[in-house]
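Enquirer: Model the structure of this input:
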Amino acid sequence: MAPLYSSIDLSSPPFPSLSFSPKSSLSSLPFSRPTHLSPLLNTHHLSIKPTLLHSTSNKKNTSLSSIVDELQEEEEEEEFYRNNDQDPGERLAEWWREIHGQDDWAGLLDPMDPLLRSELIRYGEFAQACYDAFDYDLFSRYCGSCKYNRRHFFERLGMASFGYEVTRYLYATSNFKIPKFFTRSVSDEQVWSQRANWIGYIAVSNDAQTARLGRRDIVVAWRGTVTRLEWIADLMDYLRPVTEEGIPCPDPWVKVESGFVDLYTDKDPTCRFCKYSAREQVLTEVRKLVEIYGDERGEEVSVTMTGHSLGSALAVLSAYDLAETGAITTPKGKKAWTTVFSFSGPRVGNGRFKERFEQVLGLKALRIVNVHDPVPKVPGMFFNEQVHEIVRKWGEGLPWSYHHVGVELALDHKRSPFLKETGDPSCFHNLEAHLHLLDGYHGRGERFVLATGRDPALVNKASDFLKAHHLIPPFWRQDENRGMTRSPDGRWMQPEREKLDDHPHDTHQYLGRLGLVENHES
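Expert: Just a heads-up that it's a prediction; the model follows:
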């Protein structure tokens, strides 16, 4: 089934990314080329000198002719990129380790490597799928669940071509420290669960995609918060040792934010969806998959964690836990390469957590942020990795001293000619906006030009961020008739859904293999 927005006709102007018919030759465009050599694709990047490019979008004259000129200029530049860039996926099997941080992305971020850009967008779309599949309707008895059966998950989202299969859904129980993260129906009668929320999924690449990727890829995607930022105020801003939550760490000073770890480790034996914690769910499923593909089939395996907002925090925390617990290492000693691609995520732990994450466990994390987004600046607004070293060392023992992990890729929404001026922080935080910014980013100081043809209309899927002259309505994505269908007798009603999956029968078995059975009450 095609995505719901596929029926919208955006093929005609004024939308620039969907119709390309440049009226002037490429030789007339003010490009300076070639300058940058991609270390992965061995192809030249296009260097665009902002001082030589004329943009009508900055002029106060908003006449129709100036708008047409602006759109025409964008079309010509995007056409140039499509005609001159090598398909970045052609050599992914050869270069995937570099893309996943083997060299900490040295030389790939500035200028932006085309292969890395396409992979970051791809993993960002895995995270976006969590939002598109989540049932936010307060009048639905399935509110808080996934709208689609896991066996048809990617097909229903129009992502069948991604070449992955969902093996498990992830659930969390209502967390009293971050209550605004959870969504519940207005009625408690006949609801799918009174205590659970769907918070993500685990998927594995199929054989054809595995051949393209050069390894078997396990993706863990965590749901975050699509527009509401009130959950930030719920952060306790208090660090807790990971050992208090059963994570085996020899350093008692490794600490993480208490609300994140509670959400990750809480469970409810009375709920069939939450009888295992999110932690137990992800540890057992990843361990099972790395055993199947790493030991039994002898394949090279990667584990890729992705998430946006609060989901980013869960991606970082679960990646650390997988490595610390040994869930990414098979009985034969094969270790799956593990990377986090984080979008607009908050800080998770203290300086000792960062050291253990990066230096001891060798985990890799690339954090994509919008410099105007408030979420990556919390918690730890006063004691963090950016303060002077003397102040940082003085504050290491304080319960509100936090450090980001990994490498940061900073984007700026003000450089996009598609986005309007607004003071709404939820726009700055929006995941689709981040993917749009990735598509147009070519390096610091370089002009914003869309490189992959990704549709900017997606930005307004759940926001109001595009300039009005693009004629894309805000918050346009919705189910037909709000999911209501007509019964044979003519009455409108909510249809029954397929039975919701809870947990595989072998979960307890793999808990035992990880030495976690004593932590679970059957």
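Enquirer: for the stretch 301-450 of the chain, what spans make up the helices?
Expert: According to DSSP state H, counting those that start in this stretch, the stretch 301-450 of the chain carries its helices in the segments 310-325, 351-355, 389-394, 425-429, 431-440.
Enquirer: unless I'm mixing things up, residue 210 is touching residue 299, no?
Expert: Yes - Residue 210 lies in contact with residue 299 (C-beta atoms under 8 Å); the separation is 7.3 Å. (C-beta placed from N, C-alpha, C; glycine too.)
Enquirer: which one of those two has more residues nearby?
Expert: The residue with more neighbours, out of residue 210 and residue 299, is residue 210; 20 against 14, by other C-beta atoms under 10 Å.
Enquirer: contacting residues around that one?
Expert: Residue 210 sits next to 216, 217, 299 when contact means C-beta atoms under 8 Å, 6 or more residues apart in numbering.
Enquirer: Quick check: the second one touching residue 304?
Expert: It stands for residue 217. Yes - using C-beta under 8 Å, residue 217 is in contact with residue 304, at 6.0 Å.
Enquirer: if we can go back for a sec, can I get the helices of the stretch 301-450 of the chain in a markdown table with mean neighbour count, mean pLDDT and distance to residue 401?
Expert: Listed next are these as a markdown table, based on neighbours: other C-beta atoms under 10 Å; pLDDT from 0 to 100; distance: least, C-beta to C-beta, whole Å:
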| stretch | mean neighbour count | mean pLDDT | distance to residue 401 |
| --- | --- | --- | --- |
| helix 310-325 | 26 | 98 | 17 |
| helix 351-355 | 21 | 95 | 7 |
| helix 389-394 | 12 | 61 | 8 |
| helix 425-429 | 22 | 95 | 24 |
| helix 431-440 | 26 | 98 | 27 |
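Enquirer: what sits in contact with each of residue 210 and residue 299?
Expert: residue 216.
Enquirer: just to revisit the earlier point, could you list which of the contacts of residue 210 belong to strands?
Expert: Residues of the contacts of residue 210 located in strands (DSSP state E): 216, 217.
Enquirer: Closest one of the contacts of residue 210 to residue 172?
Expert: Set against residue 172, the nearest of the contacts of residue 210 by C-beta to C-beta is residue 217 (24.2 Å).
Enquirer: give me phi/psi at the residue nearest to that closest one when sequence neighbours are not counted?
Expert: Leaving aside its chain neighbours, residue 217 sits nearest to residue 205 (4.4 Å; criterion: C-beta to C-beta, 6 or more residues apart in numbering). Main-chain dihedrals, residue 205, degrees, to the nearest 10: phi -70, psi 140.
Enquirer: Show the model's pLDDT score for residue 205.
Expert: Looking at residue 205, its pLDDT stands at 99.
Enquirer: The helices of the stretch 301-450 of the chain: which one's closest to residue 513?
Expert: Closest to residue 513 of these is helix 310-325 (C-beta to C-beta; 10.8 Å).
Enquirer: Roughly how far does residue 170 sit from residue 123?
Expert: According to C-beta to C-beta, to the nearest Å, residue 170 stands 17 Å off from residue 123.
Enquirer: And for residue 409?
Expert: Distance of residue 409 to residue 123, computed by C-beta to C-beta: 13 Å.
Enquirer: And for residue 471?
Expert: Counting by C-beta to C-beta, the gap from residue 471 to residue 123 is 30 Å.
Enquirer: neighbour-wise, which of those two wins?
Expert: Shown here are residue 471 and residue 123; by other C-beta under 10 Å, residue 123 has more neighbours (24 against 13).
Enquirer: on that earlier part again, ok, the contacts of residue 210 vs residue 315, which is closest?
Expert: If you rank the contacts of residue 210 by distance to residue 315 using C-beta to C-beta, residue 217 comes first, at 14.9 Å.
Enquirer: Give me the pLDDT value at the closest one.
Expert: Residue 217 is given a pLDDT of 99.
Enquirer: do the same with residue 401
Expert: pLDDT, read off for residue 401, is 83.
Enquirer: Test my guess that it contacts residue 353.
Expert: No - using C-beta under 8 Å, residue 401 is not in contact with residue 353, being 10.6 Å away.
Enquirer: shared neighbours of the two, anything?
Expert: With C-beta under 8 Å, 6+ apart as the test, residue 401 and residue 353 reach no residue in common.
Enquirer: what are the ranges of the helices in the stretch 101-250 of the chain?
Expert: Using DSSP H, counting those that start in this stretch, the helices of the stretch 101-250 of the chain run over residues 114-133, 153-156, 207-213.
Enquirer: tell me the contacts of residue 360?
Expert: For residue 360, counting by C-beta under 8 Å, 6+ apart, there are no contacting residues.
Enquirer: how about the helices of the stretch 301-450 of the chain, which one is nearest residue 377?
Expert: Nearest of the helices of the stretch 301-450 of the chain (C-beta to C-beta): helix 425-429, 11.0 Å.
Enquirer: hmm, who's touching that closest one?
Expert: Helix 425-429 has contacts (C-beta under 8 Å, 6+ apart) with 227-229, 309, 344, 370, 372-375, 413, 419, 433, 463-465.
Enquirer: Could you pull up phi and psi at the nearest residue in space to residue 350 that is not next to it in sequence?
Expert: What sits nearest to residue 350 in space, not counting adjacent residues and going by C-beta to C-beta, 6+ apart, is residue 255, at 4.8 Å. Dihedral pair for residue 255: phi -130, psi 150, per degrees, to the nearest 10.
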